[in-house]
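[1] please work out how this folds:
(one chain, ligands or ions: 1)
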Amino acid sequence: MKIIRLRAGKERSLLRRHPWIFESAIAKGGGDSGETVRVESAEGLFLGWAAFSPASKIRARMWSFDEKQRIDAGFFQASIAKAVQARTRFDIQSNGVRLIHGESDGLPGLIVDRYGDTLVAQFTSAGVERWKEAIADALLAETGLSKLYERSDASSRTLEGLTEQTGWLRGDGATDLVLQEHDWKLHLSIATGHKTGFYLDQRDSRQKFASYTQRLQFQRVLNCFCYTGGFSVAALSGGAGHVTSIDSSGPALELGAANVALNGFDASRATWLDADVNASLRQFGQEGRTFDAIILDPPKFAPTVAHAERAARAYKDINRLAFKLLEPGGVLFTYSCSGGISADLFHKIVAGAGADAGVDGFITERMGGAPDHPMTIAFPEGEYLKGLVVMRR
Ligand code: SAH
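    Residues are numbered from 1 along each chain as shown. Model prediction:
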């Protein structure tokens, strides 16, 4: 059994059950990639069991704080069972569900989404990579499903010294699927889409947008960073007259148009622009175009706190431009999915953008990720997605 010994005082976050051990916290010891190590304080007291990751700044990630716990196939089966069971108690109006959300489910580096009868997994840490076969077996056993596709192509794998791996891990079948979310059907591709194919985390916000559209009867909607048009379909189902959707990904836009058709909406109610959002917002401003509702759901501008400053400027820019296009009484749904931007900071950025645009607004909702992307008390980093709904005064 291998041991890592921490520097004096570095046990504090572990005593609060935070799951990460940084390189700088370790005094001595180590292991192979993904190997289970016993973690001890500077005084030699047992702290927990962790997966060692020799290439990563996050040098070890905790599996358990219980000395009697054995890290074996049974451990993974039990952890997966617990996560799957928790989803049955969350309010999820979809057959697309995030079953495992990494650290929040006690499995650092593991993401598993279920789309109908197909599972899609991302292994992004050395620990879960090492236990991949046991995890795959447990996933099938706990869900009763037989198809598991791997999308281990996230850039974070490089930080762990791992290479890309994609393809069927168990069973096989179609990779172009149709998801049922709320009242809508949505095409997705688990082989070529972003992440595991779809942004399940915005499920509740899409529903919220549909109900705002219905209540406030938005006529002109602008969906920025639309991906495959989830919010666009939500807008049309709420009765929006016309939705303009912008994304820089051609294949995503194609699926967006297909999604409008799949849900029986007339294609003339939707315009799809393969363009840069920032440039489009500026152009609309010059043309004097305005909208009743705008969605801003950009990609992660700040993966970590180190990128926060530059990202803050980028968020402020698009929010300022969007505010200027908003009709009085119009509504902005604005988001950040950057772990490096706190909810507080995001609020300040949006406030600054409003001030620069000369626009004030009522904050009518604070949004977060859907409940199957949970955060836990011990792992505040789990709160990556934040949103504000702002109604122009
Ligand atoms: N709202 C979407 C998810 C958005 S993800 C949903 O509900 O499914 C962010 C999207 O921004 C991605 O589809 C990506 O292709 C797009 N994107 C990234 N940078 C962009 C840019 N500069 N201009 C336009 N789109 C961009």
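[2] can we go C-alpha only for contacts and neighbour counts from here?
    Will do.
[3] quick one: the strands in the stretch 1-150 of the chain?
    2-6, 20-22, 26-29, 36-40, 46-52, 58-64, 96-101, 110-115, 118-123, 147-152 (DSSP state E, counting those that start in this stretch).
[4] how many residues are close by residue 310?
    Other residues lying near residue 310 total 11 when counted by other C-alpha atoms under 10 Å.
[5] my error: substitute residue 186 in the last question.
    Residue 186 has 22 neighbours, counted by other C-alpha under 10 Å.
[6] show me the beta-bridge partners of it.
    Residue 186 forms beta bridges with residue 179, as assigned by DSSP bridges.
[7] pLDDT score for it?
    pLDDT, residue 186: 98.
[8] so what's it up against?
    Listed by C-alpha atoms under 8 Å, 6 or more residues apart in numbering, the contact set of residue 186 reads 178, 179, 180, 230, 259, 262.
[9] buried ones only from these, please, as a PyMOL command.
    Applying 16 or more other C-alpha atoms under 10 Å to the contacts of residue 186, the buried members can be selected in PyMOL as follows:
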select buried, resi 178+179+230+259+262
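[10] from the contacts of residue 186, pick the one nearest the ligand.
    Nearest to the ligand among the contacts of residue 186: residue 230, at 4.7 Å, using C-alpha to the nearest ligand atom.
[11] how about the residue nearest in space to the middle of the chain, secondary structure?
    For the chain, the residue nearest the mean C-alpha position is residue 201 (5.6 Å; C-alpha atoms, centre = their mean). Secondary structure state of residue 201, per DSSP: H, G, I helix; E, B strand; the rest coil, is helix.
[12] for it, which residues are in contact?
    By C-alpha under 8 Å, 6+ apart, the contact list for residue 201 reads 369, 370, 372, 373.
[13] so which of those residues are in helices?
    Within the contacts of residue 201, no residue falls in helices by DSSP state H.
[14] re the thing from before, residue 257 versus the residue nearest to the centre of the chain, what's the distance?
    Residue 201 sits 21 Å away from residue 257, going by C-alpha to C-alpha, to the nearest Å.
[15] can you check residue 176 too?
    Distance of residue 176 to residue 257, given as C-alpha to C-alpha: 15 Å.
[16] between those two, tell me which one has more neighbours.
    Between residue 176 and residue 257, residue 257 has the larger neighbour count (other C-alpha under 10 Å), namely 20 against 14.
[17] quick one: that one and residue 268 touch, right?
    No - here residue 257 does not reach residue 268: they are 10.5 Å apart, not a contact under C-alpha atoms under 8 Å.
[18] any chance of the contacts of residue 186 in CSV, plus distance to the ligand and pLDDT?
    Below are those laid out as CSV (distance: C-alpha to the nearest ligand atom, whole Å; pLDDT from 0 to 100):
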residue, distance to the ligand, pLDDT
178, 14, 98
179, 12, 98
180, 14, 98
230, 5, 98
259, 12, 98
262, 16, 98
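[19] let me know the pLDDT of the closest residue to residue 307 other than its chain neighbours.
    Ranked by C-alpha to C-alpha, 6 or more residues apart in numbering and with sequence neighbours excluded, the top spatial neighbour of residue 307 is residue 340, at 7.0 Å. On the pLDDT scale, residue 340 is placed at 89.
[20] so what's residue 340 up against?
    302, 303, 304, 305, 306, 307, 308, 384.
[21] how about a cut-off of 7 Å?
    Residues near residue 340 by C-alpha atoms under 7 Å, 6 or more residues apart in numbering: 302, 303, 304, 305, 307, 308.
[22] go on, residue 98?
    By C-alpha under 7 Å, 6+ apart, the residues touching residue 98 are 112, 113, 114, 372, 373.
[23] out of those residues, the closest to residue 238 would be?
    Nearest to residue 238 among the contacts of residue 98: residue 372, at 24.3 Å, using C-alpha to C-alpha.
[24] quick one: pLDDT of the closest one?
    pLDDT, read off for residue 372, is 98.
[25] quick one on the thing from earlier: can you tell me how far the residue nearest to the centre of the chain sits from the ligand?
    Separation of residue 201 from the ligand (C-alpha to the nearest ligand atom, to the nearest Å) stands at 8 Å.
[26] try residue 258
    Using C-alpha to the nearest ligand atom, one obtains 14 Å as the distance from residue 258 to the ligand.
[27] any idea of the mean pLDDT for the lengthiest helix in the chain?
    Assignment by DSSP H gives helix 308-325 as the longest helix of the chain. The pLDDT scores in helix 308-325 average 96.
[28] what does the stretch 51-200 of the chain have sitting close to the ligand?
    Counting by C-alpha under 6 Å from any ligand atom, the residues of the stretch 51-200 of the chain close to the ligand are residue 199.
[29] neighbours around whichever residue of the stretch 51-200 of the chain sits closest to the ligand, how many?
    When scored by C-alpha to the nearest ligand atom, the stretch 51-200 of the chain has residue 199 as its residue closest to the ligand, at 4.8 Å. Using other C-alpha under 10 Å, residue 199 has 16 neighbouring residues.
[30] then the one 4 residues further on?
    When neighbours are counted by other C-alpha under 10 Å, residue 203 registers 22.
[31] can you tell me the SS state at residue 209?
    Under three-state DSSP, the three-state class of residue 209 is helix.
[32] please name the residues that touch residue 246.
    223, 224, 225, 226, 272, 273, 274, 275, 277.
[33] next SSE after the helix or strand hosting it?
    Here residue 246, judged by DSSP states H and E, is contained in strand 242-247. Using DSSP H and E, the helix or strand that follows strand 242-247 in sequence is helix 250-262.
[34] show the subsequent helix or strand relative to that following helix.
    Later in the chain than helix 250-262, the nearest helix or strand by DSSP H and E is strand 270-274.
[35] what pLDDT, on average, does that next one get?
    Mean pLDDT, strand 270-274: 98.
[36] for the next helix or strand after that strand, which positions count as buried?
    Downstream of strand 270-274, the next assigned helix or strand under DSSP H and E is helix 277-287. Using 16+ other C-alpha under 10 Å as the test for burial, helix 277-287 gives 277, 280, 281, 282, 284.
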